[in-house]
Every structure is written in structure tokens, then in C-alpha cells.
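Enquirer: give me a model of this one.
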Amino acid sequence: MVKFVVVTGGVLSGLGKGVIASSTGRLLRSHGFRVTSVKIDPYINIDAGTMSPFEHGEVFVLDDGGEADLDLGNYERFVDITLSRDNNLTTGKVYNKVIEKERRGEYLGKTVQVVPHICDAIQDWIQQVGSTPSDGKEGSPDICVIELGGTVGDIESMPFIEALRQFQFRVGRDNFCLMHVSLVPVLGVVGEQKTKPTQATVRELRALGLSPDLILCRSSTELHESTKEKISNFCHVPIEFVIGVHDVSNTYRVPELLLTQGVYDVLCQKLNLVKRPNVDFEKWREVADSFDRLKANGSPVHIAMVGKYTGLSDAYLSVIKALEHASFYAQRGVKIDWVEATDLEDPKGEKYEESWNVLRNAHGILVPGGFGNRGIEGKIAAAKYARENKKPYFGICLGLQVAVIETARNVVGWANATSEEFDKDAARKVVVYMPEISKTHLGGTMRLGSRETIFKNDQSVAYQLYKHLQPENPNPMRVAERHRHRYEVNPEVVADISSKSGLQFVGQDETGTRQEIVEIPDHPYFVAVQYHPEFKSRPTRPSPPFVGLVLAASGQLEQWLSSKNGK
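Expert: Numbering: from 1, shown residues only. This is a model prediction of the structure:
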């Protein structure tokens, strides 16, 4: 039977439950257990697809097209699994499912209530998804790690708390382990660690019918032994089950932090698991060491990130992580220089000169995805600067579209070239709304999920990167990446732009009409993709286009390609 590890949080949000849940999964996976994950989000939205990046960070896209909370990205990167839309459970999804059953008459006239119907639906969902493999193998996983979003005591999470209270008896205590994450603040010049917030949140959790098996205490410094003793005495857990999770040099260190404090041993004890030997934890330790080593070496590669949501780095979390993974491969540290796209537009703007100086001094430019016309001219200006000054450029989704618009305007000579997204009545639309996409509903209606891209030939830089970095792919002329967009390059202008400029369309979808990859051959690195390669990047398997950007920005790409091609 599948074992369930539940991670809850108290005191306040933002303690790092997602990283702790991911690290727990990594710990178990490194000891040979098959792991899957579920994220519970108590908000009423069906999914994260319609949320503003400023509100909730990035929307993480899954292979099946699910638009999910960014924590699912952490799970996939840490545990190296492939999740589905069902691995992200929301209040909206649960109530939608129950109401649909009620409309079909499946409750046989009963009064539909939170208890038992909503709670039963939550338990059924968790048990079904928890038994579904995420590692590409047949059979059920050994362990499902569940993270309950929000903070214990929030009104919106009460049905989930009650469902989990019942669930521990449904599956049995030998198959259920509760990890509660709390805060131990450090106050005063003497650095006294305060335990009252943890005592209060554990008391509240126990009043709701759940007793934590482990208490993980977030703190800026290592947890004192006296602090552990106090929490143990007042929270009714053995002292060895009080785990300190202090600030570390990078998040890749957290699995090792849990391992050294015996979390793996405790989980095996609580879940009645037969201990297994460490299989590949050394590889994970190498990732953490690499991050610190590259950071300490100095002289990082500077990448100017020209975005629209730069005020919240979580809006680009997967892009940041993909750059980290590429830096591990290239063995060069990466420093992201944030550039707000709107600051590149108005010469009279307060940050205009400063932003342009950042762009000019960067070793490479990255234009990520986004929606709406705010900052578009700034992104187009960045693409123009990269093209004209031979600065390595990588565009993602909207970053491809602005590269095409810029080329159409300044190389082909179509001064009024634009996207239908920004001007529905434009005379020269080089980017258009995809005909199959709904214009009335926004949620879940984009071109979403994993789709194949087919290379036109084997001469492009993009093809070479994918071929050499994904040797396990039996057919390197075809690659699968995740998409999230409503607009595409107008098929009617592709031939003209390609023949009248240096911009080449080197990858298309299976129909040959939807453009997926563009690049400029006579350029150190000018590559843009319609898809989002950051979503499939892993610490030990970096995304090829990101590796290309870091290699080009550090002056290594030409030599790397020559060595790989035996020249």
C-alpha cells in the first residue's frame, strides 16, 4: 500500500513548505523509493492559470497541459518526476467535482455537505492520485508526499484539515506521517530562539485532530539543543523528531540538512519502511557543492532578464532555476540582472539610462514570456540591441514573438509590424491569435502542455544543442517541450521574413505551419522558442537552449560545438 507523508505549515506562510516537501521526496527517492507528490491549494480557483504572476508567482505548466502552482515545479526538479494536473488539488476542483455529481443525481437525493461529501471527495482524490506513478514506470509509487498550502487555522483550509484527519484512519497510522513546519524566530542581540509560535501552532493543529510526527523548525540560525528540548516538552514529540531547518547557502542543501538530522530514519520508523541503501545522493550533493563553488569563484556571467514582472522573482522561478542548471553544466556562475521592460522605452524615464547600461554590460540577454502590451516596446528594443550588437539572445514564448516583430520592422522594412495581441486592427500582423483558441474563456484554453517540435534540418544551433544534451532521445529531429500561448507567428509572413532577413525558422510543429524555433545563423547566439523549455529543466539534465545561452555568454559555445561535432 502507498504510504503518505503530509507537510503542513503554521505561524505564517512563506516558510518553505514546498522546498521541505520536495527535499523529503528527494531524500526518499535517493534511497530507492518510488515517490509522487500532491499539492493542495485551498483557493477557489480551478487552477493557477488565470492568476497574475504578481499574485501567486509563475504558473507551472505540466506535460498534460495542467496549469499548476509553482511548487509542482519544485517537486519535478527535486524528485525528477513528471506530474499531471491531478497532482494539484484546489478547493475549486473539489467543489466542482462534487457539484457535478450532485447535478447528475449521484447522491440519491441526500443533502450534500462539507462533511462527509467534500471531505470524502478530497480523500478519494488524494488516494487515487497518490497511487498513480509519476516516474514513467508501471505500478503504484511507494510514497506520496502531500503539501497542504496556506497556514493551519486558515478558514479556507478547514475542509482539507478535516479530510486529512479522517484520512489518517482510512489508510492506517503505519501509512501516514505528518510533518509540521513552524517558525522559530530569533529575537534580540543575544539571539534568543523563541518557541511560543511553534507551541501555539501545534496546539491549534492538535485541536483540529492532527498530531505532528515531526516538527520542522525554520530559523535563521541552527536550532539550539535547549530549544529542541523545550519544543519537545511542550509539543508532545520526542526530541529527535524536532528538526532544525536553518538558512543554508542554497536550497539544494536542504535534503542533506534533513538527512543529517535523521529525517530518513524517522520516516522509515513511522511508516514501517525497510531501510534501503543510499542510491544516488552523492549526485545531489555535487549539485549543491557546484552551486556554492560557482558562486564563490567570482566573475559570473551576467544575463539581463528583460521582463514585465521583475518586482517578484517567483514570477520567473523556473527560468531562474533553468539558468542555474545551465550554469552547473557550463561550470560558470550566472548573475541575473533584472531589467523592467518599461524602463527601456521612455528616454525621459527615471531608470532609462540605468536600465540600458545594465543591458549593454550584460554578457547575454533573456526575454521571457508574458501577456499584454505593457513593456512590449522595451522587449523589442532589447531584441534589436542583441541582434545589432551580436549579443547572445534567448527569447521564450513572447520573447520569440518580439524577435520576429523586431526583425519584421527593422530588417524586412515593415515599420508597422506588430502582434494581434497588442493591436487587433493592425494592418501588418506578424503575430496572430491561434484560430482554435477560445476568445471568451481564459482558463485552460491556451495551447497547453507537451507538444512536439520538428527541426527542418540538422544544421541549426538549436538542433545541435538538443542532439548533444539529450542523447537518450532516439530521434533528435523531434523534441517535446511544454507550451502555454494563445498567439503564434502568422504563417502567411514566414516565407517573406525568412527570405528578406537573417532570421531563420528552424523548427515547426507537426503540421509544418506553426513556428516553434527561430535563430540567426550569423550571430554568436540568437535563438528564440515558442515553448517554455524551463519547465523540463533538471539540475542534472539542463535545458539545451539555456545551456546554449550560458555557453555563448561565457564565450564557450563555439568551442563546445566543435568538440561535440569532432572538429
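Enquirer: ranges for the strands of the stretch 1-150 of the chain?
Expert: Listed in chain order, the strands found in the stretch 1-150 of the chain under DSSP state E, counting those that start in this stretch are 3-9, 35-41, 60-61, 67-68, 88-90, 143-148.
Enquirer: for H468, which of the ones you listed is the nearest?
Expert: Each of the strands of the stretch 1-150 of the chain has some distance to H468 by Cβ to Cβ; the shortest is strand 60-61, at 25.5 Å. C-beta here means a position set from N, CA and C on the backbone, and glycine is covered the same way.
Enquirer: could you spell out the sheet neighbours of that closest one, each with its direction?
Expert: Partner strands and pairing direction for strand 60-61 (DSSP bridges) are strand 67-68 (antiparallel).
Enquirer: circling back: how about the strands of the stretch 1-150 of the chain in TSV, adding mean pLDDT, distance to A200 and mean neighbour count?
Expert: TSV is the format used below for the strands of the stretch 1-150 of the chain (pLDDT from 0 to 100; distance: least, Cβ to Cβ, whole Å; neighbours: other Cβ atoms under 10 Å):
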stretch	mean pLDDT	distance to A200	mean neighbour count
strand 3-9	97	13	25
strand 35-41	97	22	26
strand 60-61	96	32	28
strand 67-68	94	31	24
strand 88-90	96	27	23
strand 143-148	98	18	27
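Enquirer: can you give me the pLDDT of G443?
Expert: Confidence per residue is given as pLDDT, and for G443 that number is 63.
Enquirer: can you name the next helix or strand after the helix or strand where S232 lies?
Expert: Using DSSP states H and E, S232 falls within helix 225-235. Moving toward the C-terminus from helix 225-235, the next helix or strand (DSSP H and E) is strand 242-246.
Enquirer: roughly how far is the helix or strand that that next one is followed by from the heart of the chain?
Expert: Remark: after strand 242-246, the chain's next helix or strand is helix 254-260, criterion DSSP H and E. In terms of Cα atoms, centre = their mean, to the nearest Å, the gap separating the centre of helix 254-260 from the centre of its chain is 22 Å.
Enquirer: likewise for stretch 253-266?
Expert: For stretch 253-266, the separation from the chain centroid amounts to 23 Å (computed by Cα atoms, centre = their mean).
Enquirer: which other residues reach it?
Expert: Counting by Cβ atoms under 8 Å, 6 or more residues apart in numbering, stretch 253-266 makes contact with 16, 19-20, 23-24, 26-28, 30-31, 78, 213-214, 240-241, 243-246, 248, 275, 281, 284-285, 288, all of which sit outside it.
Enquirer: could I get the buried residue list for that stretch?
Expert: By neighbour count with 16 or more other Cβ atoms under 10 Å, stretch 253-266 contains the buried residues 253-259, 261, 263-264, 266.
Enquirer: list just the nearest of those to P474.
Expert: Comparing every one of the buried residues of stretch 253-266 with P474 (Cβ to Cβ), the shortest separation belongs to P255, at 32.0 Å.
Enquirer: what's near enough to touch the closest residue to S460 other than its chain neighbours?
Expert: Leaving aside its sequence neighbours, S460 sits nearest to V506 (Cβ to Cβ, 6 or more residues apart in numbering; 4.0 Å). V506 makes contacts with 455-457, 460, 462-463, 517-519, as judged by Cβ under 8 Å, 6+ apart.
Enquirer: V506 in helix, strand or coil?
Expert: Reduced to three states with DSSP: H, G, I helix; E, B strand; the rest coil, the structure at V506 is strand.
Enquirer: one more: V479?
Expert: Following three-state DSSP, V479 is assigned to strand.
Enquirer: that one contacts E452, doesn't it?
Expert: Yes: counting by Cβ atoms under 8 Å, E452 is a contact partner of V479 at 7.1 Å.
Enquirer: the two: which has the busier surroundings?
Expert: When V479 is set against E452 and neighbours are counted by other Cβ atoms under 10 Å, the residue ahead is V479, at 25 against 14.
Enquirer: residues contacting that one?
Expert: 452-453, 455, 466, 470, 473.
Enquirer: before we move on, back to that, check which residues of the helix holding S232 are buried.
Expert: Using 16+ other Cβ under 10 Å as the burial criterion, the residues of helix 225-235 that qualify are 227-228, 230-232, 235.
Enquirer: look at S290 and say how many residues are nearby.
Expert: S290: 19 surrounding residues under other Cβ under 10 Å.
Enquirer: chain neighbours aside, what residue packs nearest to it?
Expert: F328 (4.9 Å).
Enquirer: quick one: the one you found and I155, what's the gap?
Expert: Remark: distance between F328 and I155 (Cβ to Cβ, to the nearest Å) = 43 Å.
Enquirer: more neighbours: which of these two?
Expert: Regarding F328 and I155, a neighbour count based on other Cβ under 10 Å identifies F328 as having more, with 22 against 8.
Enquirer: circling back to that earlier point, quick one: pLDDT of the residue nearest to S290?
Expert: pLDDT, F328: 95.
Enquirer: okay, and the beta partners of V7?
Expert: E147, M179.
Enquirer: what separation do you get for it and S543?
Expert: With the distance defined as Cβ to Cβ, V7 ends up 28 Å from S543.
Enquirer: what's the answer for L205, then?
Expert: For L205, the distance to S543 - Cβ to Cβ - is 39 Å.
Enquirer: out of those two, which sits in the busier spot?
Expert: When L205 and S543 are compared on other Cβ under 10 Å, the one with more neighbours turns out to be S543, at 29 against 24.
Enquirer: now for that one: which residues touch it?
Expert: The contact partners of S543, by Cβ under 8 Å, 6+ apart, come to 322, 325-326, 533-534, 536-537.
Enquirer: and what of V412?
Expert: Neighbours of V412 in contact, by Cβ under 8 Å, 6+ apart: 496-497, 500-501.
Enquirer: and what of S131?
Expert: With contact set as Cβ under 8 Å, 6+ apart, S131 has these partners: 2, 140-141, 144.
Enquirer: V245 against V181, yeah?
Expert: Yes: under the criterion of Cβ under 8 Å, V245 lies in contact with V181, with a separation of 7.5 Å.
Enquirer: next, show the common contact partners of the two.
Expert: Both V245 and V181 are in contact with 16, 20, 216, 218, where contact means Cβ under 8 Å, 6+ apart.
Enquirer: and stretch 119-132, how far from the chain's centre?
Expert: Shown here is stretch 119-132, whose average C-alpha point lies 24 Å from the average C-alpha point of the whole chain (Cα atoms, centre = their mean).
Enquirer: least confident secondary structure element in this structure?
Expert: When the helices and strands of the chain are compared on mean pLDDT, DSSP states H and E, helix 53-56 comes out lowest with a mean of 80.
Enquirer: quick check: which ranges of the stretch 301-450 of the chain have low pLDDT?
Expert: Counting by pLDDT under 70, the stretch 301-450 of the chain has low-confidence residues at 438-444.
Enquirer: and the helices in it, which stretches?
Expert: Using DSSP state H, counting those that start in this stretch, the helices of the stretch 301-450 of the chain run over residues 317-330, 352-361, 376-388, 398-407.
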